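Asks: Take a look and give me a structure for this.
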Amino acid sequence: MLDLGTTLVMAAVLAGTPLLLGALGEILTERSGNLNLGVEGMMFMGAIMGLMGSFMYEQAMTAAGAQTIGFFSALAALVMSFAAGAFGALIYSFLTITLRSNQNVTGLVLTIFGTGFANFLGEFAGQQAGGYLAVGAATKAAFAPLAIPFLSDIPLLGPLFFQYNWMVYFALAVAVVMAVFLFRTRFGLNLRAVGEDPAAADAAGISVSRYRYMATVIGGGICGTGGMYMSMVTTSGVWVHGCVTGYGWLAVALVIFATWSPLRGILVAAVFGGLMVVRMYVSIPGLPIQIYEMLPYVATILVLIITSVRQSKKHAMPAGTGLNYFREDRE
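Replies: Model (predicted):
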């Protein structure tokens, strides 16, 4: 039997995984110089399209008289959610990079669009499906906690490290690969140069537009997979209206807390995940549940205040983030 501490850590990791994916997508985006505040919209788009991807795959298998295979259903959800998030980011990229619209306003519009799109499509598809949109048992099993031979049975370490669903390990792998890419490869160096000083990068022969497009679109796709986690794991494969609400904004705050580092994002996401589920495991007599629900947002405010006061050049936001690049204005 697991003790309270181990159970709380496991719950924190599970709750923090969608935050980590959302933050990783935004880290990659901001490293290129784009400030995309549409994280929540892209997560919503990924949530509904990931669920729809698995649902349509199941319907196709049923129509063909074949049995649903969990692996392919999960793969359909992953591909569809990534494509949906990437599509939202592509719209943002076209407006901000090509048409040079305001990045803040465009990001907010993307959030509104993505939220409305997902909730409308989820309710509409649910009505067509007979009341609500949900995937079958085979797909749900594909997102269940893994049982890794030998490793899962290790006392204490097994539950802490080897008994999560595959999306947790996917998020960790994305964080490690992104860290290696950003800080150990030439392309990562070019991307960081574009985010810090696009004029200097352009003068060195680096295509600012190309790097910003690629980073923003891929980052949006990663955000979309974070949304898919919410609809496939958090709500157990059933569409719940507004299931992502608030997570996208917390992910944006996590980017600042993690100081634009993918590896630090892992720890930060787990901490915030713990704050989101602590009310289920720790009860203080007389303390209203609303106080527990406020903890992640109070922590976000404190983080923003602390990072504003303790300005460190090493851990600061990329200097070119949020600013459109006009090649004609290069000095």
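
Asks: from what I can see residue 61 touches residue 76, true?
Replies: No: distance between residue 61 and residue 76: 10.6 Å, which falls outside the contact criterion (CB atoms under 8 Å). For the C-beta atoms, the positions are set from N, CA and C on the backbone; glycine is no exception.

Asks: neighbour-wise, which of these two wins?
Replies: Neighbours of residue 61 and residue 76, each counted by other CB atoms under 10 Å, are more numerous for residue 76; the result is 20 against 17.

Asks: Let me see the contact set for the more buried one.
Replies: By CB atoms under 8 Å, 6 or more residues apart in numbering, the contact set of residue 76 is 53, 54, 56, 57.

Asks: Ok, residue 27 next?
Replies: With contact taken as CB under 8 Å, 6+ apart, residue 27 is in contact with 178, 219, 255, 258, 260, 261, 262, 265.

Asks: So which of the residues you listed are in helices?
Replies: Within the contacts of residue 27, membership in helices is found for 178, 219, 255, 262, 265, as judged by DSSP state H.

Asks: a markdown table please, covering those and showing pLDDT and distance to residue 207.
Replies: Written out in a markdown table, the entries for those read as follows (pLDDT from 0 to 100; distance: CB to CB, whole Å):
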| residue | pLDDT | distance to residue 207 |
| --- | --- | --- |
| 178 | 98 | 21 |
| 219 | 98 | 17 |
| 255 | 94 | 24 |
| 262 | 97 | 23 |
| 265 | 95 | 27 |
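
Asks: Export the residues you listed to CSV and append columns for distance to residue 297.
Replies: Supplementary listing: the ones in helices among the contacts of residue 27 in CSV, determined by distance: CB to CB, whole Å:
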residue, distance to residue 297
178, 26
219, 24
255, 16
262, 24
265, 19
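
Asks: just how off-centre is stretch 196-214 within its chain?
Replies: 25 Å (CA atoms, centre = their mean, to the nearest Å).

Asks: State the distance spanning the first to the last residue of it.
Replies: As for stretch 196-214, its first-to-last residue distance stands at 16 Å under the measure CA to CA, to the nearest Å.

Asks: pLDDT averaged over that stretch - what is it?
Replies: The average of the pLDDT scores along stretch 196-214 is 95.

Asks: How about stretch 156-176?
Replies: If you average the pLDDT values across stretch 156-176, you get 93.

Asks: before we move on, the earlier item: which one of the ones in helices among the contacts of residue 27 is nearest residue 65?
Replies: Of all those, residue 219 has the smallest distance to residue 65: 40.4 Å, by CB to CB.

Asks: quick one: contacts for that closest one?
Replies: Residue 219 is in contact with 24, 25, 26, 27, 28, 29, 36, 89, counting by CB under 8 Å, 6+ apart.
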